[in-house]
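[1] Curious how this folds, go ahead:
(one chain, ligands or ions: 1)
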Amino acid sequence: MALELEVIKTSGKPLGKVSIPSSSTIKDLKKEIYKNFKVAVNRQSIRNGPKGRDEKDSLQISKISLERPNSIYVKDLGPQIGWDTVFFLEYAGPILLYGALFLYPQCAYGNETVSKGHGQDASKIFPFFIFPVGLINEICGGSTIKVQDNAYYAGILWSIHYIKRILETAFVHRFSHGTMPIFNLFKNCGYYWGFALYVAYHINHPLHTPPPAWLFYFGTFIFIFCELGNLSIHILLRNLRPPGTSVRKIPVPDSNPFTKLFNLVSCPNYTYEFGAWVGFTLLTGCLPVFIFALAGLYQMTVWAIGKHKKYRSEFPNYPKNRKSIIPFLI
Ligand SMILES: NC(=O)c1ccc[n+]([C@@H]2O[C@H](COP(=O)([O-])OP(=O)(O)OC[C@H]3O[C@@H](n4cnc5c(N)ncnc54)[C@H](OP(=O)(O)O)[C@@H]3O)[C@@H](O)[C@H]2O)c1
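    Below is the predicted model of the structure:
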């Protein structure tokens, strides 16, 4: 049986009619809309009403409850870009910007400030592999860490964080969408690069006073613990979704103890992410890092509340005792 559907933009502008077999999926409908009205498939978001939510590509059209009989709404998402390109650019920027401020302090702070400071050594390159040796020397060899050492170790941990994110994007996450609006490239890069400059400027400043050694080690422990927790949650989420699908399931803890946080919140990856930046604040003793942590917490809280509500409406048996992001609170 064929369905005749009126296609309307979410702004209210009618595009025209399409005729499609009732067994077709949203993906088939998108191709039909492209054929008739020349809106590229990856720019379309199909909705059951002007304010409805995005319907999945795999859904059969006959299963949608339309707000107006025989009318389907399409939102033009604008020009799209592959998510891998966006993620690579937004995460590579902070590594390069931090490295630039560490290696060329004279350019950012001027020769005079650098010479007044604690002897920032711009000739140090970024030899990641010597990090454990340097750290062990620090633990064995004294109770204070000099500014340049603090900026150096912080730079390595900072880079590990962003390299981890790039690797996760390439090898762990199974995203349900292949593209995102091109505007996200500018928005996301603006956010990550802007904060990277702000944070790196302060940590690498020759007059920045580092925290006592015990606080550096305590912060490093929290940072590494939370990075492992964040990775564990991403691996669990990956395993929920069969490859090549956009299936969603209720996440429950597995044998990895880091995933127990799912008993308390819906988005423990965000909880661990915030924890990692609290650890980074302690290990650098730098207030701008905490401001970055709070900005991230705000954004992730907004998303976590949305995801939590979605879980509850999607799965009637969703665990009632979970919060969104902060155990027992939010
Ligand atoms: N510092 C900051 O400001 C900040 C802000 C945001 C993110 N981040 C970092 O970036 C990481 C990734 O962020 P995100 O917002 O993409 O995380 P997310 O929404 O939790 O998703 C991670 C991956 O898991 C999939 N997924 C989520 N729930 C699922 C379920 N119930 N069943 C099956 N698959 C599911 C997602 O697929 P879909 O494509 O279907 O969503 C996505 O591929 C965060 O954990 C955090 O470390 C940092």
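
[2] Ile95 and Lys164 touch, don't they?
    No. The pair Ile95 / Lys164 is not scored as a contact, 11.2 Å apart, by C-beta atoms under 8 Å. Heads up, the C-betas are built off the backbone N, CA and C, glycines and all.

[3] Can you confirm whether the host helix or strand of Ala295 lies near the ligand?
    Per DSSP states H and E: Ala295 is located in helix 287-314. Yes. Helix 287-314 lies within reach of the ligand by C-beta under 6 Å from any ligand atom, at 296, 299-300, 303.

[4] Can you name every helix or strand that that helix contacts?
    helix 183-203, helix 268-284 (3 or more C-beta pairs under 8 Å, 6 or more residues apart in numbering; DSSP states H and E).

[5] hey, which of these is tucked in deepest?
    Most buried of the helices and strands packed on helix 287-314 by mean neighbour count (mean count of other C-beta atoms under 10 Å) is helix 268-284; its value is a mean of 23.

[6] Next, see if that helix gets close to the ligand.
    Yes. Counting by C-beta under 6 Å from any ligand atom, contacts between helix 268-284 and the ligand involve 269-270, 273.

[7] and those as a markdown table, adding pLDDT?
    Putting the residues of helix 268-284 next to the ligand into a markdown table (pLDDT from 0 to 100) gives the following:
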| residue | pLDDT |
| --- | --- |
| Asn269 | 98 |
| Tyr270 | 98 |
| Glu273 | 98 |
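
[8] Sort out which one of these lies nearest Phe186 for me.
    Nearest to Phe186 out of the residues of helix 268-284 next to the ligand is Glu273 (C-beta to C-beta; 22.4 Å).

[9] For the closest one, list the residues it contacts.
    226, 230, 296, 300 (C-beta atoms under 8 Å, 6 or more residues apart in numbering).

[10] which bits of the stretch 101-250 of the chain sit near the ligand?
    Residues of the stretch 101-250 of the chain lying near the ligand (C-beta under 6 Å from any ligand atom): 173-177, 230, 237, 240-241, 246, 248-249.

[11] mind redoing it with 8 Å?
    Proximity of the stretch 101-250 of the chain to the ligand, by C-beta under 8 Å from any ligand atom, involves residues 165, 168, 173-177, 191, 230, 233-234, 237-238, 240-241, 246-250.

[12] so where do the strands sit in the protein?
    Taking DSSP state E as the test, the strands found in the chain are 2-9, 14-21, 44-47, 71-76, 80-82, 179-181.

[13] Which one of those strands has the poorest average confidence?
    With a mean of 88, strand 179-181 has the lowest mean pLDDT of the strands of the chain.

[14] what are the pairing partners of that strand, and which direction each?
    Strand 179-181 sits in its sheet next to strand 80-82 (antiparallel), going by DSSP bridges.

[15] For the partner strand, buried residues please.
    80-81 (16 or more other C-beta atoms under 10 Å).

[16] Also stretch 34-47?
    39, 42-47.

[17] Keeping just the C-alphas, turn it into PDB.
    Taking only C-alpha atoms (Å, rounded to 0.1, in the frame of the first residue of the first chain), the coordinates of stretch 34-47 have been written out as PDB:
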ATOM      1  CA  TYR A  34      15.900  14.600  -1.900                       C
ATOM      2  CA  LYS A  35      14.500  13.400  -5.300                       C
ATOM      3  CA  ASN A  36      11.500  15.700  -5.200                       C
ATOM      4  CA  PHE A  37      12.700  18.800  -3.300                       C
ATOM      5  CA  LYS A  38      16.600  18.600  -3.500                       C
ATOM      6  CA  VAL A  39      17.300  18.800   0.200                       C
ATOM      7  CA  ALA A  40      20.400  16.600   0.700                       C
ATOM      8  CA  VAL A  41      19.700  13.400   2.700                       C
ATOM      9  CA  ASN A  42      22.200  14.200   5.500                       C
ATOM     10  CA  ARG A  43      20.700  17.700   6.000                       C
ATOM     11  CA  GLN A  44      17.300  16.300   6.800                       C
ATOM     12  CA  SER A  45      15.800  15.700  10.200                       C
ATOM     13  CA  ILE A  46      12.400  14.100   9.900                       C
ATOM     14  CA  ARG A  47       9.900  14.800  12.700                       C
END
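
[18] and it, does that touch the ligand?
    No. Figure legend: stretch 34-47 not in contact with the ligand (C-beta under 8 Å from any ligand atom); closest approach 14.0 Å.

[19] still on that earlier bit, Throw the residues of helix 287-314 next to the ligand into TSV and include neighbour count and pLDDT, thanks.
    Output for these, formatted as TSV (neighbours: other C-beta atoms under 10 Å; pLDDT from 0 to 100):
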residue	neighbour count	pLDDT
Gly296	17	98
Gln299	12	98
Met300	19	98
Trp303	13	98
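
[20] pLDDT value on Glu138, please?
    54.

[21] before we move on, what about Ser115?
    80.

[22] And Asp149, by the same measure?
    87.

[23] what number of residues lie near it?
    Neighbour count for Asp149, taken as other C-beta atoms under 10 Å: 19.

[24] Against the ligand, how distant is it?
    26 Å (C-beta to the nearest ligand atom, to the nearest Å).
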